[in-house]
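Asker: I'll drop the sequence and a predicted model, then ask my questions.
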Amino acid sequence: KDTGKGGYDHYMLKEINEQPTALGRSVRGRADPEAGTVDLDGFPPGTFEGIERVHLVAMGTSYHAAMYAESLLASRGVPARAFMASEYATAPPPAEDGTLVVAISQSGETADTIAAVRAASAERTLVVTNVVGSSLTRECDDALLVRAGPEIGVAATKSFSSQVATLSLLAERLRRDVVGSPSPDAAAFLSALTALPDQVQQVVESGAAERVADSFADSEAYFFIGRGPGHAVALEGALKFKEITYEHAEGFTAAELKHGPLALVTEDTPVFAVFDGRDGDTETLGNVQEIRARGGPVVAVASGDAPDVADAVDHVLPVPATHPDLVGVLANVQLQLVAYHAAKRRGRSIDKPRNLAKSVTV
Ligand code: G6P
């Protein structure tokens with residue numbers, strides 16, 4: 001019987017492979033790289049005049065998209081903070097004029113995220129969601145759709161990539177309205193965003209992730225490190241890995257390692273390090289050396305044009321060269337594939353992991 005998996009063994013793999021299409025839908029008609037402008041339906045230039053800061057609230061994978069967006073906004077001069085929605089709901093920051101609350105939720109039904117929006121004393125609320133007509137579209141003043149298409153696998157994959165793409169467009173719109181001018185490299189950034197679907201296609205076609213998953217089949221724990229957007233990707237890489245393999249996996253900022261987690265590093269704890277072509281890569285390389293000095297195997301997720309990285313690690317999961325703000329999206333696809341193949345090897349219930357639900361509405 002046709003289960004809707006379209007020839008794939010699992011919905012998760014199908015959805016990983018659908019990312020080029022989903023990303024294309026998120027970006028198409030919304031970015032004009034030549035003009036360096038963003039055209040978001042319902043959010044014309046000037047929409048966010050008067051906004052002074054952004055609070056991003058979300059849970060799970062969507063929280064990692066919120067962290068990613070926090071980095072994108074901050075580097076564009078827009079004050080932003082990502083909050084775990086449950087924490088925001090319990091202790092919302094004091095009311096301040098000019099605050100925009102952006103809820104991020106694939107389903108639009110997550111109870112903690114709804115609670116955060118209800119608790120917010122913000123001037124304006126906006127939801128970035130995949131589901132038209134969901135509860136959060138009714139709770140918030142505005143809705144921006146990510147257009148990833150239906151996602152069946154409990155472990156979120158294509159919705160994350162499309163959330164980041166959509167939040168990238170929103171970040172440019174906010175930059176224009178809050179700072180008063182577009183980002184200096186808006187054209188390059190939007191052109192990289194437009195090229196992302198083809199580059200994700202290259203990543204899903206390379207067999208590198210399966211080989212890496214196979215070489216670490218019996219490890220004790222799996223760690224993930226990165227900085228900036230790469231930190232969000234490290235947390236998301238670890239979340240995906242633990243959700244579907246049931247192995248111990250943890251993500252950290254690379255700098256945090258020496259403040260504790262390094263005590264856990266042994267030759268049985270592979271570390272995945274995200275390099276995104278920014279200045280921080282030099283420090284991350286230093287962290288990698290500290291790991292290897294303790295016998296820890298290191299897998300770099302890095303663009304092919306980083307030869308110093310390749311020489312310093314055990315394996316490389318390559319990603320095509322792109323704008324530094326978007327390397328994380330490509331790196332995350334490699335980590336999705338590592339988690340998938342690791343879980344498949346272990347015979348796990350990939351589409352419906354034990355104890356987890358697609359949407360937590362209570
Ligand atoms: C559940 C799902 C996660 C998801 C999270 C937030 O925990 O298992 O995959 O990231 O809810 O869901 P939302 O629909 O709000 O993005």
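Answerer: Arrived safely, thanks for sending.
Asker: Excluding chain neighbours, what is closest to the residue nearest the centre of the chain?
Answerer: Nearest to the geometric centre of the chain sits residue 65, at 4.3 Å (CA atoms, centre = their mean). Among residues not flanking residue 65 along the chain, residue 163 sits closest, at 3.9 Å (CB to CB, 6 or more residues apart in numbering). Using the backbone N, CA and C atoms, a C-beta is placed for each residue, glycine as well.
Asker: In contact with the one you found: list those residues for me.
Answerer: Neighbouring residues of residue 163 by CB atoms under 8 Å, 6 or more residues apart in numbering: 62, 65, 104, 106, 128, 130, 146, 148.
Asker: Okay, now the unreliable bits of this protein?
Answerer: The chain contains residues with pLDDT under 70 at 1-3.
Asker: How are the helices of it distributed by residue range?
Answerer: Using DSSP state H, the helices found in the chain span residues 11-17, 19-27, 60-75, 85-90, 111-119, 135-139, 158-179, 186-205, 208-215, 229-245, 281-293, 307-312, 327-345.
Asker: is the fifth one up against the ligand anywhere?
Answerer: When you say that, I think you mean helix 111-119. Yes: counting by CB under 6 Å from any ligand atom, the ligand is contacted by helix 111-119 at residue 113.
Asker: you'd agree residue 100 is up against residue 126?
Answerer: Yes: counting by CB atoms under 8 Å, residue 100 touches residue 126, with 6.4 Å between them.
Asker: quick revisit: how close does the residue nearest to residue 65 get to the ligand?
Answerer: 8 Å (CB to the nearest ligand atom, to the nearest Å).
Asker: Ok, residue 36 next?
Answerer: 30 Å.
Asker: I'd like the distance between the residue in the stretch 201-350 of the chain positioned nearest to the ligand and residue 119.
Answerer: The ligand sits closest to residue 243 of the stretch 201-350 of the chain, with a gap of 7.2 Å, by CB to the nearest ligand atom. Applying CB to CB, to the nearest Å, the value for residue 243 to residue 119 is 27 Å.
Asker: ok, the residue of the stretch 201-350 of the chain closest to the ligand - contacts?
Answerer: The neighbours of residue 243, taking CB under 8 Å, 6+ apart as the test, are 154, 155, 339, 353, 356.
Asker: Just flag the most distant two among those.
Answerer: Using CB to CB, the two most remote members of the contacts of residue 243 are 339 and 356, lying 13.6 Å apart.
Asker: of the two, who's got more company?
Answerer: residue 339 (31 against 13; other CB atoms under 10 Å).
Asker: I'd say that one and residue 247 touch.
Answerer: No: with contact defined as CB under 8 Å, residue 339 and residue 247 do not form a contacting pair (9.5 Å).
Asker: Now for these two: what residues contact both?
Answerer: With CB under 8 Å, 6+ apart, residue 339 and residue 247 have common neighbours residue 241.
Asker: buried set for stretch 5-18?
Answerer: 10, 11, 12, 13, 14, 15, 16, 17, 18 (16 or more other CB atoms under 10 Å).
Asker: My error: substitute stretch 181-199 in the last question.
Answerer: Quick answer for stretch 181-199 (16+ other CB under 10 Å): 182-183, 186-187, 189-197, 199.
Asker: May I see these arranged in JSON lines, with distance to residue 281 as well?
Answerer: Formatted as JSON lines, the buried residues of stretch 181-199 follow (distance: CB to CB, whole Å):
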{"residue": "182", "distance to residue 281": "26"}
{"residue": "183", "distance to residue 281": "21"}
{"residue": "186", "distance to residue 281": "23"}
{"residue": "187", "distance to residue 281": "24"}
{"residue": "189", "distance to residue 281": "19"}
{"residue": "190", "distance to residue 281": "24"}
{"residue": "191", "distance to residue 281": "22"}
{"residue": "192", "distance to residue 281": "18"}
{"residue": "193", "distance to residue 281": "21"}
{"residue": "194", "distance to residue 281": "25"}
{"residue": "195", "distance to residue 281": "21"}
{"residue": "196", "distance to residue 281": "20"}
{"residue": "197", "distance to residue 281": "25"}
{"residue": "199", "distance to residue 281": "19"}
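Asker: in this structure, what residue is nearest the ligand?
Answerer: residue 60 (2.7 Å).
Asker: near the ligand, which residues of the stretch 151-300 of the chain show up?
Answerer: 154, 156.
Asker: what do you get if the cut-off is 8 Å, keeping everything else the same?
Answerer: For the stretch 151-300 of the chain, the residues in contact with the ligand (CB under 8 Å from any ligand atom) are 154, 155, 156, 159, 160, 243.
Asker: Residue 354 is in contact with the first one, correct?
Answerer: So that's residue 154. No: with contact defined as CB under 8 Å, residue 154 and residue 354 do not form a contacting pair (10.1 Å).
Asker: Give me the more crowded residue out of those two.
Answerer: Per other CB under 10 Å, whichever of residue 154 and residue 354 has more neighbours is residue 154, with 18 against 9.
Asker: could you list every residue that touches the more buried one?
Answerer: 243, 351, 352, 353, 356, 357, 358.
Asker: Tell me the buried residues within those residues.
Answerer: Buried members of the contacts of residue 154, counted by 16+ other CB under 10 Å: 243, 351, 352, 353, 358.
Asker: picking up where we left off before, among the buried residues of stretch 181-199, which one sits closest to residue 269?
Answerer: Nearest member of those to residue 269, counting by CB to CB, is residue 199, at 30.1 Å.
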